[in-house]
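# whatever this is, show me its structure:
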Amino acid sequence: LQVPRALSQPLASSESRRFTNKHSKKALKASLTLGILLGMFFVAWLPFFVTNVAQAVCDCVPAGFFDVLTWLGYCNSTMNPIIYPLFMRDFKRAMGKFLPCCRRPAEPRPSAISLSMRNSNSAARAATSLKNVL
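A predicted model of the protein is given here:
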């Protein structure tokens, strides 16, 4: 009885290691994406907020410089739709379903009727009623 246990332990251990490695890679990629997003946010908006506080305290910031920093923050908002698809596969898939320019040719666009039938619990009854209507 001890021999099968000894054989099954390394198998379970390697399986556990593979499971751990897979999830640690996902966690690392998620951390990297979050780090890039937060880094971009701080680079874009921190100068604006520091300048805003300085303007409130000493009223010494030129209006043109303040406008440049405001637009730098706005540019960060335009970078988010670029960063998400670059780093997140699930985001790419979701956007590919809704945007016709990103859809693969093999994927047919689901119709409103098929979506409602898929989401309802009574698909058979809906199909019968659709035949009667058409």
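
# can you name every helix or strand that the helix or strand harbouring Lys97 contacts?
Take DSSP states H and E as the rule and Lys97 turns out to sit in helix 89-98. The elements that helix 89-98 packs onto, with contact taken as 3 or more Cβ pairs under 8 Å, 6 or more residues apart in numbering; DSSP states H and E, are helix 63-87. All C-beta atoms are positioned from the backbone trio N, CA, C, and that covers glycine.

# got the angle for the helix it packs on vs helix 89-98?
90 degrees (axes from the mean of the first three to the mean of the last three Cα atoms, to 10 degrees).

# need the helices for the chain, in chain order.
Per DSSP state H, the chain has helices spanning 2-58, 63-87, 89-98, 112-119, 123-133. These are given in chain order.

# could you identify which of those has the lowest mean pLDDT?
Comparing mean pLDDT across the helices of the chain, the lowest value falls on helix 123-133: a mean of 51.

# and Ala30, how far is that from Arg89?
For Ala30, the distance to Arg89 under the criterion Cβ to Cβ, to the nearest Å works out to 11 Å.

# please say which of those two ends up with more neighbours.
Each of Ala30 and Arg89 had its neighbours counted (other Cβ atoms under 10 Å), and the higher figure belongs to Ala30 (12 against 9).

# and the more buried one, what does it touch?
Ala30 makes no contacts at all, as judged by Cβ atoms under 8 Å, 6 or more residues apart in numbering.

# dump the helix holding Lys97 to CSV, restricted to CA.
What follows is helix 89-98, C-alpha atoms only, in CSV (Å, rounded to 0.1, in the frame of the first residue of the first chain):
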residue,chain,number,x,y,z
ARG,A,89,-6.2,39.0,-24.1
ASP,A,90,-9.7,38.9,-22.5
PHE,A,91,-10.2,42.5,-23.3
LYS,A,92,-9.2,41.9,-27.0
ARG,A,93,-11.7,39.0,-27.2
ALA,A,94,-14.5,41.1,-25.7
MET,A,95,-13.9,44.1,-28.0
GLY,A,96,-13.6,41.8,-31.0
LYS,A,97,-17.2,40.6,-30.4
PHE,A,98,-18.6,44.1,-30.4
